[in-house]
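# Kindly return the folded structure for what I paste below:
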Amino acid sequence: MLPFLGTMGIMAIVGMILTTVAVFTDGWFAVTVQYYRYSVTSYTGIVPYQPNAVGWFQAVSWMMYFAVGLNFFVVIALFPLGHLYRRHGGGHRLRHWIHMISAACTLAGVLGLIAFIIFMTNYRNGYVNTPLFEISAAYSVYLALVGAIFSNVAAIAGGSLARRIHNNCY
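Just a heads-up that it's a prediction; the model follows:
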């Protein structure tokens, strides 16, 4: 049972770190302008919040903000879970905490995946890449995707752990 609890905790912490770094770095858009032999690349992020942005970009921003908040909640909730496990071992009380953490990890992961899909399908709308001007998705988008995958893996490990606890209690 302890390997699943450790896996869930490590995956949740890594997912939180990756999602937080993805939100607070400005590598969502990469705009490259070329002039003769020189090129300049400028990066734009979702923080600070841009109220004049298009609707899909605002939706992606809010989804990622909620994902960061849920991930912080998960990491904070891991401490009472570890205390309960250390004090009482695996039991019925532990299962409720695991369900709560798994649900929050699932919601954070799904929000991150939906935000990734919306961003990748819409970021080139209205722009045509030319030899002098190119817009592309940058590194923070992919960090958000990997953070969402880690959050979903943490939820799967938590669900497996809750099922094992349920089978041992009855």
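# how many neighbours does Ala154 have?
Neighbour count for Ala154, taken as other C-beta atoms under 10 Å: 30. In short, each C-beta sits where N, CA and C put it, glycine included.
# Help me confirm that Ala157 is found in a helix?
Yes: counting by DSSP: H, G, I helix; E, B strand; the rest coil, Ala157 falls inside a helix.
# Help me confirm that it comes into contact with Ile98.
No: using C-beta atoms under 8 Å, Ala157 makes no contact with Ile98, being 9.5 Å away.
# Who are the packing partners of the longest helix seen in the chain?
If you go by DSSP state H, the chain has its longest helix at helix 55-88. Applying 3 or more C-beta pairs under 8 Å, 6 or more residues apart in numbering; DSSP states H and E, we find helix 55-88 packed against helix 2-24, helix 92-122, helix 139-169.
# now for the second one, which elements pack on it?
Same thing as helix 92-122. Using 3+ C-beta pairs under 8 Å, 6+ apart, helix 92-122 sits against helix 2-24, helix 55-88, helix 139-169.
# Also the first one?
Applying 3+ C-beta pairs under 8 Å, 6+ apart, one finds that helix 2-24 contacts helix 55-88, helix 92-122, helix 139-169.
# and it with helix 139-169, angle?
160 degrees (axes from the mean of the first three to the mean of the last three C-alpha atoms, to 10 degrees).
# before we move on, back to that, using JSON lines, please lay out the helices and strands packed on helix 92-122 together with mean pLDDT.
Listed next are the helices and strands packed on helix 92-122 as JSON lines, based on pLDDT from 0 to 100:
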{"stretch": "helix 2-24", "mean pLDDT": "89"}
{"stretch": "helix 55-88", "mean pLDDT": "90"}
{"stretch": "helix 139-169", "mean pLDDT": "87"}
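# All set now, cheers.
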